[in-house]
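Participant: my questions concern the predicted model and sequence given below.
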Amino acid sequence: MTEGFSVIRRNYGHWDIVTKEKGRLFRLRGGPGEWWVSDERAEKPPYHRPINDVVFRDQSAAMAWVCSELMHELLTVEGQKPYVMKSWNVSGKALLTCGYSWLYRSQVLNCM
């Protein structure tokens, strides 16, 4: 999880997602009906899935993906016992991408 990030509009159709510590992490480019995200993080998290082939129809969907990458937290409530699913239920590929299946429904098992 990133401690904090900012969204900066460079000009129409050009947005940067940056942090004070690491500089630009993502580039959001495009226009109506065609938005894409470039992941420029030097250190990718273990659950990372490449984004290069995905085109978003909506700018807000592209930003939702960026936010889910930067705000990912694996939490449980104190005193509550977490439910753990047996690993044979999903493929190894899905284990690394769970939570992003809404974006890759045709390519990855649905984790929901």
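Facilitator: Yep, that arrived. Residues are numbered from 1 along each chain as shown.
Participant: C-alpha from now on. contacts and neighbour counts both.
Facilitator: OK.
Participant: what sits against the closest residue to G33 other than its chain neighbours?
Facilitator: If the residues on either side of it in the chain are set aside, G33 comes closest to R57, at 4.3 Å by C-alpha to C-alpha, 6 or more residues apart in numbering. R57 sits next to 32-35 when contact means C-alpha atoms under 8 Å, 6 or more residues apart in numbering.
Participant: rerun at 10 Å
Facilitator: The neighbours of R57, taking C-alpha atoms under 10 Å, 6 or more residues apart in numbering as the test, are 30-36.
Participant: from these, which would you call buried?
Facilitator: With neighbours counted using 16 or more other C-alpha atoms under 10 Å, these contain these buried positions: 30, 35-36.
Participant: just give the nearest non-adjacent residue to T19, would you?
Facilitator: Ranked by C-alpha to C-alpha, 6+ apart and with sequence neighbours excluded, the top spatial neighbour of T19 is F5, at 4.7 Å.
Participant: to clarify, my last question referred to G31.
Facilitator: For G31, the closest residue by C-alpha to C-alpha, 6+ apart turns out to be G13, at 5.6 Å.
Participant: contact partners for the one you found?
Facilitator: Per C-alpha under 10 Å, 6+ apart, neighbours of G13: 28-32, 35, 59.
Participant: kindly report the same for A61.
Facilitator: Applying C-alpha under 10 Å, 6+ apart, one finds that A61 lies in contact with 35-36, 55, 67, 103.
Participant: tell me the spacing between W35 and V7.
Facilitator: Computed as C-alpha to C-alpha, to the nearest Å, the W35 to V7 distance reads 15 Å.
Participant: pretty sure C67 sits in a helix.
Facilitator: Yes: when the secondary structure is assigned by DSSP: H, G, I helix; E, B strand; the rest coil, C67 falls within a helix.
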